[in-house]
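sharing a sequence plus its predicted fold:
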Amino acid sequence: MYTRGYIVSEGGARTECITFGPLSVLPEFEARGIGSLLVRESLKRAAELGYRAVLIMGNPRYYGRFGFVPASRYGIHLGDGVPEDGAPFFMAKELYPGALESLSGRYELDKYFEVDQEELEEFDKRFPPKTKEVREGQIHRAR
Ligand SMILES: CC(C)(COP(=O)(O)OP(=O)(O)OC[C@H]1O[C@@H](n2cnc3c(N)ncnc32)[C@H](O)[C@@H]1OP(=O)(O)O)[C@@H](O)C(=O)NCCC(=O)NCCS
């Protein structure tokens, strides 16, 4: 699933980009190229639709193969409260050459990602219990 986001410059100018994730493939179907196909096909369609760039949170070992590089290379960051060790996992990919060259600033995710923790806990109760983990690269904002 893709959502819209904005690179907000120091002067407050907002430039639309897109984000995808989470991406997941059922364990029994992993390592058959399904994840790669979803990423490559959706990036192709996003480019055809005229989007500028894709910014994601993901493991560089996986997303590097699709041309994602650390967003810090373009001076794009997630803003205050994001620990330094999360930075390599915030990655960017231009959908046409030079798309991010003249841009820098803070990346603002869609409001969709702002969840009420209590509401979320209630929602999760509708499903069989699972152990919650914080995985490598998962960004936890200090609020
Ligand atoms: C990541 C995921 C979507 C990949 O889907 P997939 O269909 O298995 O991927 P592909 O078959 O296209 O590619 C397999 C490759 O991905 C690598 N890979 C899988 N998960 C990885 C991870 N978390 N970190 C680094 N590499 C990973 C495999 O080692 C394999 O590498 P290889 O091609 O060098 O052998 C899938 O493993 C998954 O659902 N993982 C759990 C959810 C998750 O962590 N999602 C990513 C964060 S949003």
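Done, it's in.

who's in contact with the closest residue to the ligand within the chain?
Nearest residue of the chain to the ligand, counting by CB to the nearest ligand atom: G35, 2.3 Å away. (C-beta placed from N, C-alpha, C; glycine too.) Listed by CB atoms under 8 Å, 6 or more residues apart in numbering, the contact partners of G35 are 23, 25, 62.

in helices, which of those residues appear?
Within the contacts of G35, membership in helices is found for Y62, as judged by DSSP state H.

and the ligand, which of the contacts of G35 contact it?
The subset of the contacts of G35 within reach of the ligand, by CB under 6 Å from any ligand atom, is 23, 25, 62.

dump these into TSV; add pLDDT as well.
Shown next, in TSV, are the ones next to the ligand among the contacts of G35 (pLDDT from 0 to 100):
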residue	pLDDT
L23	92
V25	95
Y62	93
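
closest to R73 out of these?
For the ones next to the ligand among the contacts of G35, the closest approach to R73 (CB to CB) belongs to Y62, at 17.8 Å.
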